[in-house]
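Peer 1: Need a 3D model of the sequence below.
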Amino acid sequence: MSWLPVTKKEVQTLGWEELDVIIISGDAYVDHPAFGTAVIGRIIEREGLRVVIIPQPNWQDDLRDFKKLGRPRLFFGVTSGCMDSMVNHYTARKRRRSTDAYTAGGKSGFRPDYAVTTYTNILKKLYPDIPVIIGGIEASLRRVTHYDYWSDSLKPSILIDSGADLLVYGMGEISLIQILRLLQKGVPFANLTTIPQTALKLGRSEPIPLNKNWQDIEITSHEKCRQDKKAFARNFKIIEQESNKPFARRIIQPAGEYQVIINPPSPVMQEKDIDASFDLPYTRTPHPKYDKKGEIPAYQMIRHSINLHRGCFGGCSFCTISAHQGKMIASRSRESIMKEVKAVTNMKDFRGYISDLGGPSANMYRMKGKNLDICNRCVSPSCIHPVICHNLDIDHYPMIELYREVSAYKKVKKVFVSSGIRYDLLVSDNPHAEEKYGLEKYIKQVVENHVSGRLKVAPEHTAERTLRMMRKPSFTKFLHFKKIFDRINQKSGLNQQLVPYFISSYPGCSLEDMADLAAETRELGFRLEQVQDFTPTPMTVATVIYYSGYHPYTLKPVQTAKSFQEKKEQNRFFFWYKQENRSWINKVLCKMGREDLAARLLNSN
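Peer 2: So this is what the prediction gives:
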């Protein structure tokens with residue numbers, strides 16, 4: 001196995017005189033299935049095409065990085081990398097980050113703000129006749145009119161600002177393969193207008209491409225959204241529902257002189273398709289060009305981890321996983337997973353520990369609807385909120401068996417489950433469900449065998465109204481889970497620690513809600529450390545509420561902490577135990593007539 005080429009010298013060594021595809025990426029090149037650029041590059045290679053990756057090109061000099069390999073025969077591919085470049089660069093308070101986990105040495109400054117747009121603009125100036133396809137999370141989540149927190153503005157589809165010719169959204173392997181095969185057959189790029197899970201722009205007067213299998217829905221124009229925040233909120237309900245449907249409508253949005261066309265998503269990946277993606281001949285390591293430049297932190301975190309599935313049916317209103325990976329779960333086969341276990345254990349630096357055997361949510365592997373006809377008619381963004389759907393198969397036995405099999409593999413000393421666990425899938429008042437789906441057995445398996453002293457879970461809040469806004473379960477579910485966790489710990493003679501995650505400044509969350517959170521968690525014995533301030537990111541319900549002031553499903557007003565001062569005040573309640581916060585908290589709670597909360601939170605007993 002060898003890496004895909006990244007330099008002119010490597011291209012010459014291969015004897016290539018012409019390139020078919022050139023990929024521009026905002027990340028350092030790591031040839032591992034957790035890095036999208038590597039996956040896309042390997043798929044293009046498997047299709048028999050000559051592909052080169054240009055990682056983190058310099059966009060501030062004479063643009064030699066963009067010129068050094070000339071023009072590709074088919075197209076340029078552009079991605080910001082594994083993260084939206086603005087989330088990568090800035091904190092929730094818009095402070096510039098000093099590190100970048102996807103760059104050698106963890107150094108910052110190796111990619112531009114709005115990387116997809118910047119890279120594509122450059123390519124369009126240098127090679128105006130060569131098509132550009134954009135993809136990855138930054139392109140995917142900015143495919144329609146969206147609120148951009150960092151510029152505090154409503155931006156049109158990234159297709160318009162970037163000038164790209166085509167956008168592949170989500171996990172786009174199936175769409176990419178269709179594109180490559182059609183181009184290889186001689187189909188002109190301009191005719192690639194009805195590929196599922198792609199988006200494109202047309203002139204306002206151009207006819208919409210025909211597809212007899214699709215229905216269309218036109219959403220409010222970009223211009224109208226800028227004038228009317230409620231119209232922008234109304235749009236999002238349609239966008240989210242169509243993104244999660246097995247048989248979605250094609251979305252059309254007018255924007256300036258263009259109309260943005262968002263084709264329906266591809267069907268959920270079949271086992272053979274997702275296996276094929278993970279089974280490609282990755283070296284599983286960074287390109288040797290980084291050998292003397294320091295470790296790539298993101299790679300160090302996942303180099304010995306294994307992803308079991310994609311997608312998440314949780315539907316949390318602050319999360320982009322379902323918008324990018326889909327609501328339906330696409331699971332790998334046992335054979336593919338064990339093949340990767342073998343590859344990991346054969347790595348030179350493997351010392352016996354698999355750092356994570358999980359996914360977007362660790363305990364959703366192989367879960368799906370019992371009757372898929374019901375799923376096909378469903379428009380709910382979540383299968384587990386406000387209650388777990390009666391049609392959802394939440395069987396945890398396949399995961400228990402898999403954990404045990406991987407743990408028993410030669411060279412493996414211990415397997416950790418580090419991905420977030422949805423504890424609401426693991427608590428039930430129905431004793432038959434406990435046994436039928438192996439709920440407590442799963443918790444026992446994880447606590448006794450797959451935790452390194454601390455199990456992280458994400459209740460996110462304690463206040464019921466805030467949790468409803470988040471599409472998260474009642475805090476009583478967390479309390480139920482904690483009782484089971486503590487009982488298993490005690491019976492097993494362990495001292496594992498439960499570490500909860502929480503969010504402040506969430507839409508609809510008040511100072512009183514934060515005081516309630518602080519008091520409840522204090523009484524449970526927690527001094528919180530895993531906390532964050534809400535950051536609005538494109539393509540989430542919470543961001544739509546933050547910008548517009550309206551909930552997209554009810555169109556009712558929602559109050560939100562927006563100023564840095566308001567955010568700081570909410571955040572202070574997490575740290576009630578710090579001396580500098582105690583008098584302020586007492587004053588605030590007494591002013592709102594909640595001396596009872598002040599007493600619960602600040603008494604010294």
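Peer 1: which secondary element of this structure has the worst mean pLDDT?
Peer 2: helix 431-437 (a mean of 89; mean pLDDT, DSSP states H and E).
Peer 1: which of the residues in that helix are buried?
Peer 2: Under the neighbour-count criterion of 16 or more other Cβ atoms under 10 Å, helix 431-437 has 434, 437 buried. Yep, even glycine has a C-beta here, placed from its N, CA and C like the rest.
Peer 1: could I get it in CSV with only the CA atoms?
Peer 2: Extracted in CSV, the C-alpha atoms of helix 431-437 (Å, rounded to 0.1, in the frame of the first residue of the first chain):
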residue,chain,number,x,y,z
PRO,A,431,-39.0,-5.0,32.3
HIS,A,432,-39.7,-6.9,29.1
ALA,A,433,-37.9,-4.3,27.0
GLU,A,434,-34.9,-4.5,29.4
GLU,A,435,-34.5,-8.2,28.7
LYS,A,436,-35.7,-8.3,25.1
TYR,A,437,-33.2,-5.6,23.9
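Peer 1: Let me see the mean pLDDT of the next helix or strand after it.
Peer 2: Along the chain past helix 431-437, the next helix or strand (assigned with DSSP states H and E) turns out to be helix 439-449. Across helix 439-449, pLDDT averages out at 97.
Peer 1: buried set for helix 439-449?
Peer 2: Neighbour-count burial for helix 439-449, counted by 16+ other Cβ under 10 Å, picks out 439-440, 442-447.
Peer 1: Distance to K472 added to these, as TSV?
Peer 2: What follows is the buried residues of helix 439-449, written out as TSV (distance: Cβ to Cβ, whole Å):
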residue	distance to K472
L439	19
E440	22
Y442	20
I443	19
K444	24
Q445	24
V446	20
V447	22
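Peer 1: Closest one to R42 out of those residues, please.
Peer 2: V446 (32.1 Å; Cβ to Cβ).
Peer 1: show me what contacts the nearest residue to that closest one once chain neighbours are set aside?
Peer 2: Among residues not flanking V446 along the chain, V417 sits closest, at 5.5 Å (Cβ to Cβ, 6 or more residues apart in numbering). Counting by Cβ atoms under 8 Å, 6 or more residues apart in numbering, V417 touches 356-358, 362, 403, 446, 450-451.
Peer 1: Just those residues: which are in strands?
Peer 2: 356-358 (DSSP state E).
Peer 1: Can you tell me how far the residue nearest to G326 when sequence neighbours are not counted is from S505?
Peer 2: In this structure, G326 finds its nearest non-sequential neighbour in G311, 4.6 Å apart by Cβ to Cβ, 6+ apart. Taking Cβ to Cβ, to the nearest Å as the criterion, G311 is separated from S505 by 28 Å.
Peer 1: Over to G326?
Peer 2: For G326, the distance to S505 - Cβ to Cβ - is 28 Å.
Peer 1: ok, back up a step: shouldn't the residue nearest to G326 be in contact with R332?
Peer 2: No. Using Cβ atoms under 8 Å as the test, G311 is too far from R332 to be in contact (11.9 Å).
Peer 1: Provide a list of residues in contact with the nearest residue to G81 once chain neighbours are set aside.
Peer 2: Nearest residue to G81 in three dimensions, chain neighbours excluded: D27, at 3.3 Å (Cβ to Cβ, 6+ apart). D27 makes contacts with 35, 37, 55-56, 79, 81-82, 102-103, 111, 298, as judged by Cβ under 8 Å, 6+ apart.
Peer 1: gap between D27 and N121?
Peer 2: For D27 relative to N121 (Cβ to Cβ), the value is 19 Å.
Peer 1: Dump the contacts of D27 into CSV; add neighbour count and secondary structure as well.
Peer 2: Shown next, in CSV, are the contacts of D27 (neighbours: other Cβ atoms under 10 Å; DSSP: H, G, I helix; E, B strand; the rest coil):
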residue, neighbour count, secondary structure
F35, 24, coil
T37, 26, helix
P55, 25, strand
Q56, 22, coil
T79, 25, strand
G81, 26, coil
C82, 20, coil
Y102, 24, coil
T103, 25, coil
R111, 26, coil
A298, 22, helix
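Peer 1: Tell me the one of these nearest D275?
Peer 2: F35 (18.1 Å).
Peer 1: what's the helix or strand for G314?
Peer 2: Taking DSSP H and E as the definition, G314 sits outside all helices and strands.
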